[in-house]
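Novice: What shape does this take:
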Amino acid sequence: MTDLAIAANGLRKSYGDKTVLDGVDLAVPEGTIFSLLGPNGAGKTTAVKILSTLISADDGVIHVGGHDLARAPQAVRSAIGVTGQFSAVDGLITGEENMLLMADLHHLSRREGRRVAAELLERFDLTEAAKKPASTYSGGMKRRLDIAMTLVGSPRIIFLDEPTTGLDPRSRHNMWQIIRELVSDGVTVFLTTQYLEEADELADRIAVLNDGKIAAEGTAEELKRLVPGGHVRLRFTDPAAYRSAASALRETSRDDESLTLQIPSGGSQRELRAILDWLDAAGIEADELTVHTPDLDDVFFALTAGTGVPHQPEEAAR
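Specialist: Below is the predicted model:
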């Protein structure tokens, strides 16, 4: 387990007769971004709460930061930082005061606390707003301050539980850059999200959690290959060319109204070249060629069988 920041085997948690986690196994290598993806109620936040020592599991063997969570919870707490869906920022005090409060909680000296707070406020572009009440911050600024507060203790593992919920697209992309920079510094990030684009953009590995179990795990590309439905779409403006192509190409779905053909394809370079070579040899010219390969939306819906609707990025109040 020396190369794993997080290792969990047989993780189980129930509330009454409701099983939230049902034998979940997780393995997160150091210095990577691991994303736990799933619909509402899948158990993502429960998993984070267990791994960060906030609640106890009913069963399972868990190591975080090389420490046995059951035997050394305080050592685990010293190695981790947690940023949840709802900000821990105190809006009644300034951004700087929030940082200094966190420094006190980590038992830093007054001088060291001020130094760390100033460095992190600068890093997260909050220096100009440092003396203002946090209640005046935008959603993106509060989330940046939240993560800055998490970093005061120099954690090597950070749990980000849906960190971009409610952020506008620009703030979301800024947060992605911050997460990438954390990992470039050697930090391990455990990310839960309902934003499919977010998992695809950031994660080295993704696990899809559904009904308390891991439905699938792998890289984004590996997960996409689990789902059939890739195709090449040819669109024509010349009806004669369309009819010629439709009669010659096999295993083709036709749309006579829009003059389009849909050819099953995995989107590989070899398959595309074969289609283009055939069109050239037949003297047929398609006006438009597009390739569709399954994306994480397809994976999500296939694996969760419609049990939840993932968030799609939308404009939110800044």
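
Novice: remind me which residues of this protein are low pLDDT?
Specialist: Along the chain, the parts satisfying pLDDT under 70 run over 1-2, 85-87, 229, 305-318.

Novice: Quickly find the element holding residue 276.
Specialist: helix 269-282 (DSSP states H and E).

Novice: Residues contacting that helix, please?
Specialist: The contact list for helix 269-282 (C-beta atoms under 8 Å, 6 or more residues apart in numbering) reads 232, 234, 244-245, 248-249, 263, 265, 285-286, 289, 291. No exception for glycine: its C-beta is placed from N, CA and C like everyone else's.

Novice: rerun that using 7 Å as the cut-off
Specialist: For helix 269-282, the external contacting residues (C-beta atoms under 7 Å, 6 or more residues apart in numbering) are 232, 244, 248, 263, 265, 285-286, 291.

Novice: neighbours around residue 286, how many?
Specialist: Number of residues near residue 286 (other C-beta atoms under 10 Å) recorded here: 22.

Novice: What of residue 284?
Specialist: 18.

Novice: ok, it - contacts?
Specialist: Applying C-beta under 7 Å, 6+ apart to residue 284 gives the contacts 241, 244-245.

Novice: which ones among these are found in strands?
Specialist: The strands, defined by DSSP state E, take in nothing from these.

Novice: can I get those in TSV with neighbour count and distance to residue 44?
Specialist: What follows is the contacts of residue 284, written out as TSV (neighbours: other C-beta atoms under 10 Å; distance: C-beta to C-beta, whole Å):
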residue	neighbour count	distance to residue 44
241	19	50
244	15	52
245	24	46
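
Novice: Make CSV out of these and add distance to residue 60.
Specialist: Listed next are the contacts of residue 284 as CSV, based on distance: C-beta to C-beta, whole Å:
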residue, distance to residue 60
241, 61
244, 61
245, 56
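
Novice: quick one: secondary structure of the most centrally placed residue in the chain?
Specialist: Nearest residue to the geometric centre of the chain (C-alpha atoms, centre = their mean): residue 199, 2.9 Å. Here residue 199 is recorded as helix under DSSP: H, G, I helix; E, B strand; the rest coil.
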